[in-house]
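1. Provided below are the primary sequence and the corresponding predicted coordinates.
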Amino acid sequence: MTAGSLKLRSMKKTMRRNLLPVMALLLGTLFLFLGNGLYGLLLPVRGAAEGYSNEVLGLLGTSWATGFVLGCFIAPKLVVRVGHVRAFSTFVSLMSVITLLSGIVIDAEWWIVLRAITGFCTAGTSMIIESWLNERATNESRGAIFSFYISITLIGVVGGQMLVGVFDPTTTILFMICGIVYGVAVMPTTMSTAASPQPLKSLKLDLPLLYRNSPVSCVGILLIGIANGAYGTLGAVFGTRVGLDASTIAILLSVTIFLGAVMQFPAGKLSDRIDRRYVLAALSALAAFAAVAMVMLQPSDPLWIFIFVGIYGAAANALYPIAVAHANDFAKPDEFVKVSGGLLLLFGIGTIIGPTLGGPVMTAAGPYSLFTVTAIAHLLISAYAI
């Protein structure tokens, strides 16, 4: 047996050993993002059917990101106070309540407020999950483990989005299903006997320290947030404006995310073997290429839209875990939550900027101009990483 095969076998054993204690958490994460995918697509599709403007639909993303940023500051205090498991259950239960209220009250202003609360809760759950995983990971396995985690989230999002094409989005049934899914997401962690992470002490975010440790991750996560916020909020609006029906939009976004999930494994393993910055630069350049092609060609054939957006999603959705892994490579064990919180804060700021820019740009220059915003962000990531 060669030295390379022995090393590969050792890495696989290490990954299994690190993941087994958190399988309940990952199962809950799957259902959590199943609900996130359903709710995140349902609101813009239902809003477009109600006649809401691009700017209003963009505000749904902006309000979510604003709540997300606030959650980065406030959520850690709740984790310190009650622990990881209770905080996780609280956040997910609140998201279940919010989705049911959204189905009862069909009003743009209320939706904007409720969407901000879900952003707050998403920051809390993401911080808990990522710090929990970092406590189990090593520098040799962190890229693969985080890619596995992101794959689970993307598969959940795909499943949730596909439900929009199965049921009528103009009724309340999808809101009810979403509330049920969030309820299920709480169960695995509350019923698990696996050890919880170490209790947190007082926590303060330190962005200057985070930047000194990993400048590429800080700048990259901010720009990833801009691109993901723009496309994640307005991708369904783009599909509506170019004439796709609700089922086709759901399939388009789901295929995009599914290809991103598939890309996680090779990208994560590659980033564990070579400098993660090279992988970030290459994937960002690929995402920028697909976005520029969409803007230049403006394809009307759904097949070409699927091809270019699929390439875009495969590359763009693989960036976040690599940037997070790169930052945590330089963190001390007691800094994992601080690093995770700082990166999520930067991501949240980016997701405020993305849809805030994307909505007016689409109104002024047409639906394909959404990809101008994402192309610029990804080109900047490549340039900075290089």
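-> Yep, that arrived.

2. okay, Arg81: pLDDT?
-> Arg81 carries a pLDDT score of 81 in this model.

3. Next: Thr90.
-> pLDDT, read off for Thr90, is 91.

4. Can you give me the buried ones in stretch 179-187?
-> 179, 181-186 (16 or more other CB atoms under 10 Å). The way it works is simple: take the backbone N, C-alpha and C, and place the C-beta from them, glycine included.

5. Of these, which belong to helices?
-> 179, 181-186 (DSSP state H).

6. could these go into CSV alongside pLDDT and distance to Gly35?
-> Output for those, formatted as CSV (pLDDT from 0 to 100; distance: CB to CB, whole Å):
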residue, pLDDT, distance to Gly35
Gly179, 92, 8
Val181, 93, 4
Tyr182, 93, 4
Gly183, 91, 9
Val184, 91, 9
Ala185, 90, 6
Val186, 88, 11
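
7. Looking at these, spot the one nearest Ser214.
-> Nearest to Ser214 among these is Ala185, at 30.6 Å by CB to CB.

8. For the stretch 251-386 of the chain, give me the ranges with low pLDDT.
-> Scanning the stretch 251-386 of the chain for pLDDT under 70 picks out the ranges 330-338.

9. Show me where it has its strands.
-> Under the criterion DSSP state E, counting those that start in this stretch, the stretch 251-386 of the chain carries no strands.

10. rewinding a little: make CSV out of the buried residues of stretch 179-187 and add distance to Leu283.
-> Below are those laid out as CSV (distance: CB to CB, whole Å):
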residue, distance to Leu283
Gly179, 35
Val181, 30
Tyr182, 31
Gly183, 36
Val184, 33
Ala185, 29
Val186, 34
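
11. which of those lies closest to Gly165?
-> Proximity of the buried residues of stretch 179-187 to Gly165 (CB to CB) peaks at Val181, which lies at 16.2 Å.

12. ok, now which ones touch the nearest residue to the closest one once chain neighbours are set aside?
-> Excluding its sequence neighbours, the residue lying closest to Val181 (CB to CB, 6 or more residues apart in numbering) is Gly35, at 4.2 Å. Contacts for Gly35 (CB atoms under 8 Å, 6 or more residues apart in numbering) come out as 95-96, 99, 156, 160, 178, 181-182, 185.

13. Could you dump these into a markdown table and include distance to Val373?
-> Below are the contacts of Gly35 laid out as a markdown table (distance: CB to CB, whole Å):
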| residue | distance to Val373 |
| --- | --- |
| Met95 | 27 |
| Ser96 | 32 |
| Thr99 | 28 |
| Gly156 | 26 |
| Gly160 | 24 |
| Cys178 | 28 |
| Val181 | 30 |
| Tyr182 | 30 |
| Ala185 | 31 |
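
14. out of these, who's nearest Leu78?
-> Met95 (14.4 Å).

15. separation between that closest one and Gln264?
-> 24 Å (CB to CB, to the nearest Å).

16. Could you do Ala290 as well?
-> Applying CB to CB to Ala290 and Gln264 gives a distance of 17 Å.

17. before we move on, the earlier item: ok, of the buried residues of stretch 179-187, which one's closest to Ser63?
-> Tyr182 (18.9 Å).

18. residues touching the spatially closest residue to the closest one that is not a sequence neighbour, list them.
-> Take Tyr182 and drop its neighbours on the chain: the residue closest to it by CB to CB, 6+ apart is Ser96, 3.6 Å away. By CB under 8 Å, 6+ apart, the contact set of Ser96 is 35, 178-180, 182-183.

19. want to throw those into JSON lines with distance to Gly235?
-> Output for these, formatted as JSON lines (distance: CB to CB, whole Å):
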{"residue": "Gly35", "distance to Gly235": "18"}
{"residue": "Cys178", "distance to Gly235": "18"}
{"residue": "Gly179", "distance to Gly235": "24"}
{"residue": "Ile180", "distance to Gly235": "25"}
{"residue": "Tyr182", "distance to Gly235": "22"}
{"residue": "Gly183", "distance to Gly235": "27"}
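
20. What is the helix or strand harbouring Leu163 packed up against?
-> Element membership for Leu163 (DSSP states H and E) is helix 142-166. Counting contacts by 3 or more CB pairs under 8 Å, 6 or more residues apart in numbering; DSSP states H and E, helix 142-166 is packed against helix 3-19, helix 23-49, helix 108-136, helix 173-191, helix 246-273, helix 319-328.

21. To Pro215, which of those lies closest?
-> Among the helices and strands packed on helix 142-166, helix 319-328 sits nearest to Pro215 (CB to CB), with 9.8 Å.

22. Compute the inter-axis angle for the closest one and helix 108-136.
-> 50 degrees (axes from the mean of the first three to the mean of the last three CA atoms, to 10 degrees).

23. starting at the chain centroid, how far to helix 319-328?
-> 13 Å (CA atoms, centre = their mean, to the nearest Å).

24. Could the C-alpha coordinates of it be exported in CSV?
-> Below are the C-alpha coordinates for helix 319-328, written out as CSV (Å, rounded to 0.1, in the frame of the first residue of the first chain):
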residue,chain,number,x,y,z
LEU,A,319,-17.0,29.2,-2.1
TYR,A,320,-18.4,29.7,1.4
PRO,A,321,-17.1,26.6,3.2
ILE,A,322,-13.6,27.0,1.7
ALA,A,323,-13.4,30.6,2.9
VAL,A,324,-14.7,29.5,6.4
ALA,A,325,-12.2,26.7,6.5
HIS,A,326,-9.3,29.0,5.5
ALA,A,327,-10.2,31.4,8.3
ASN,A,328,-10.4,28.6,11.0
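
25. That one relative to helix 246-273, how many degrees between them?
-> Using the same axes, to 10 degrees: helix 319-328 against helix 246-273 is 30 degrees.

26. Now do helix 319-328 against helix 142-166, angle only.
-> 150 degrees.

27. other SSEs contacting helix 319-328?
-> Counting by 3+ CB pairs under 8 Å, 6+ apart, helix 319-328 packs on helix 142-166, helix 215-241, helix 246-273, helix 276-297, helix 336-365.

28. what angle sits between the helix or strand hosting the residue nearest to Tyr182 and helix 108-136?
-> Secondary structure from DSSP H and E places Ser96 in helix 84-104. Per the same axes, to 10 degrees, the angle that helix 84-104 makes with helix 108-136 is 160 degrees.
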